[in-house]
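Q: here's my sequence, what's the structure:
(one chain, ligands or ions: 1)
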Amino acid sequence: MTHTSTDVTRDPLAFIADEIADLKAKHLYRPLRVMSAAQGPVTTVDGREVISLSSNDYLGLTHHPRLREAALAAVRDFGVGSGAVRTIAGTMTVHEALESDLAKFKHSEAVLTFQSGFTANTGVIPTITGEADLIVSDALNHASIIDGMRLSKAPRKVFPHKDVDALGAILREAAVHGRDDGSGPYRSILVVTDGVFSMDGDIAPLPGIVEAAESYGAAVFVDDAHASGVLGKAGRGSVSHFGLEGRVQVQVGTLSKAVGVLGGYVAGSQALRDLLIQRARPFLFSTSHPPAVAAACREAIKVMQDEPWLIERLWASTARFKAELARLGFDTGRSETPITPIIVGDPDAAIRFSNRLFEEGVFATSVVYPTVPMDQSRLRTIVTAALTDEHLDRALETFDRVGRELGIIAG
Ligand code: PMP
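A: Have a look, this model is predicted:
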């Protein structure tokens, strides 16, 4: 068969430029801002020195001297790369030591690390669920949970955000009637929730979720990305925060936010770890962490226990920052954690607010559709333990001045 060409001059990927133009026309196109200094309470972004309220560096560990030293020592001793996936030749003593430290820290039987929190979710969910199972998910779960569910063969049901009664109703129906196609009971049911929701900073109603799950024999999976290092004793996460140790079967954590480095992990049973090593695709098919990453993470877990004042400072600053923003007339939504949204509504207004703050030396990123609903555009600020009272006061004074100038709060 001969191919008849139509228009050979046409770029077959021309739609990409069209999509970009469309995003720009809708003011939804977000250029990257570039940091030319270390992460920290004050950093340099696009050449400007700014107070940073935009990182997930809750405890200031990204630049902690003990973590830097641990990373440097690992580079000297083990080089810069692991050279293979974990299942071939990429498992080093430091990877296993980190997992053993994390298991002790989390009071769980076993831990397996992944390259990121994202890959932990996309690796674990399809491994532990299949056609015969059901996944029940909070409506506002993170993108990586959603992708993990898409990669699973299991059917899924979504309950309205934090609605434990609706969750109970889904579980009851699933337990009584079994699979939707009438082919019998589910092999297992997995309830999946973020521990702390990343856009609004609210905490999952874990006690109610666990109770509902226990009533119907379901397992609970908590993604503690924003709770790791923030909630619970020494930052052990939402399960520790609510005193639910031993009652949540799968805990995912991240090493990329409060822990200050990079990575994700799954804490659970030894059998879970053993199965993930055999089956979880990012674990099997993507190279393991450089030794410096694993060594710095090990040191971070020690620092979190040796320096309890970091978490105390994080929560004290969070309380003060939120109270002051409310006093100034800003709407900080339903946050219960250092994630402090400042709801503006209109996407253009949110972007303008963020840009003006940036010109005035305060880095507070805007978050707009599709990450949040169109009328919920916002600045998303995160308080960190590294910010001093003086930094926070300067930021608050700038929010007040620019907020009035742009009519976001009453002048
Ligand atoms: N889960 C949640 C709830 C998150 O907020 C994030 C990060 N935005 C992740 C997972 C992914 O974590 P990581 O950055 O380690 O890939």
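Q: need the residues of the protein near the ligand, please.
A: By CB under 6 Å from any ligand atom, the residues of the chain that approach the ligand are 116-118, 121, 142, 144, 194, 198, 223, 225-226, 254, 256, 264. C-beta here means a position set from N, CA and C on the backbone, and glycine is covered the same way.
Q: and residue 397, that's in a helix?
A: Yes. If the criterion is DSSP: H, G, I helix; E, B strand; the rest coil, then residue 397 is within a helix.
Q: just to revisit the earlier point, save the residues of the chain next to the ligand as a markdown table, and put in neighbour count, secondary structure and pLDDT too.
A: Formatted as a markdown table, these follow (neighbours: other CB atoms under 10 Å; DSSP: H, G, I helix; E, B strand; the rest coil; pLDDT from 0 to 100):
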| residue | neighbour count | secondary structure | pLDDT |
| --- | --- | --- | --- |
| 116 | 21 | coil | 98 |
| 117 | 25 | helix | 98 |
| 118 | 20 | helix | 98 |
| 121 | 30 | helix | 98 |
| 142 | 22 | coil | 97 |
| 144 | 23 | helix | 98 |
| 194 | 26 | strand | 98 |
| 198 | 21 | coil | 92 |
| 223 | 34 | strand | 98 |
| 225 | 29 | coil | 97 |
| 226 | 29 | coil | 98 |
| 254 | 27 | strand | 98 |
| 256 | 22 | coil | 98 |
| 264 | 27 | strand | 98 |
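Q: quick check, nearest of these to the ligand?
A: residue 117 (2.5 Å; CB to the nearest ligand atom).
Q: so that closest one touches residue 225, yeah?
A: Yes. Look at residue 117 against residue 225 with CB atoms under 8 Å: they come within range, at 4.7 Å.
Q: can you show me the helices along the stretch 151-300 of the chain?
A: Ranges of helices in the stretch 151-300 of the chain, per DSSP state H, counting those that start in this stretch, are 164-177, 206-215, 238-241, 270-279, 281-285, 291-306.
Q: can you check which of these gets nearest to residue 374?
A: helix 164-177 (24.5 Å; CB to CB).
Q: identify all contacting residues around the closest one.
A: 134, 136, 157, 159-160, 185-186, 189, 191, 205, 208-209, 212-213, 215-218 (CB atoms under 8 Å, 6 or more residues apart in numbering).
Q: do stretch 379-393 as well
A: Contact with stretch 379-393 is made by 40-42, 51-60, 199, 310-311, 313-314, 317-318, 320-321, 324, 338-342, 344, 350, 353-354, 357, 364-367, 395, as judged by CB under 8 Å, 6+ apart.
Q: what residues do residue 117 and residue 225 have in common as contacts?
A: Residues touching both residue 117 and residue 225 (CB under 8 Å, 6+ apart) are 252-254, 256-257, 264.
Q: of the contacts of stretch 379-393, just the buried ones, PyMOL syntax please.
A: Per 16 or more other CB atoms under 10 Å, the buried members of these correspond to this PyMOL selection:
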select buried, resi 40+41+42+51+52+53+54+55+56+57+58+59+60+199+310+311+313+314+317+318+321+324+338+339+340+341+342+344+350+353+354+357+364+365+366+367+395
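Q: looking at the contacts of stretch 379-393, which are in strands?
A: Among those, DSSP state E puts 42, 51-52, 339-342, 344, 366-367 in strands.
Q: may I ask which two of these are separated the most?
A: 42 and 344, at 24.6 Å, using CB to CB across the ones in strands among the contacts of stretch 379-393.
Q: nearest residue to residue 99 other than its sequence neighbours?
A: residue 111 (4.5 Å; CB to CB, 6 or more residues apart in numbering).
Q: which SS class is that neighbour?
A: Going by three-state DSSP: residue 111 is strand.
Q: in the stretch 301-411 of the chain, which spans are helices?
A: 309-328, 347-359, 389-405.
Q: CA atoms only for the first one, dumped as PDB, please.
A: What follows is the C-alpha trace of helix 309-328 in PDB, where atoms were taken according to Å, rounded to 0.1, in the frame of the first residue of the first chain:
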ATOM      1  CA  TRP A 309      12.300  22.300  69.200                       C
ATOM      2  CA  LEU A 310      12.100  22.300  65.400                       C
ATOM      3  CA  ILE A 311       8.600  20.900  65.400                       C
ATOM      4  CA  GLU A 312       7.600  23.100  68.400                       C
ATOM      5  CA  ARG A 313       8.800  26.100  66.600                       C
ATOM      6  CA  LEU A 314       7.000  25.100  63.400                       C
ATOM      7  CA  TRP A 315       3.600  24.900  65.300                       C
ATOM      8  CA  ALA A 316       4.200  28.000  67.300                       C
ATOM      9  CA  SER A 317       5.000  30.100  64.200                       C
ATOM     10  CA  THR A 318       2.000  28.500  62.400                       C
ATOM     11  CA  ALA A 319      -0.400  29.500  65.100                       C
ATOM     12  CA  ARG A 320       0.900  33.100  65.200                       C
ATOM     13  CA  PHE A 321       1.000  33.400  61.400                       C
ATOM     14  CA  LYS A 322      -2.600  32.200  60.900                       C
ATOM     15  CA  ALA A 323      -3.900  34.300  63.800                       C
ATOM     16  CA  GLU A 324      -2.300  37.500  62.300                       C
ATOM     17  CA  LEU A 325      -3.500  36.700  58.800                       C
ATOM     18  CA  ALA A 326      -7.100  36.300  60.100                       C
ATOM     19  CA  ARG A 327      -6.700  39.600  62.100                       C
ATOM     20  CA  LEU A 328      -5.700  41.400  58.900                       C
END
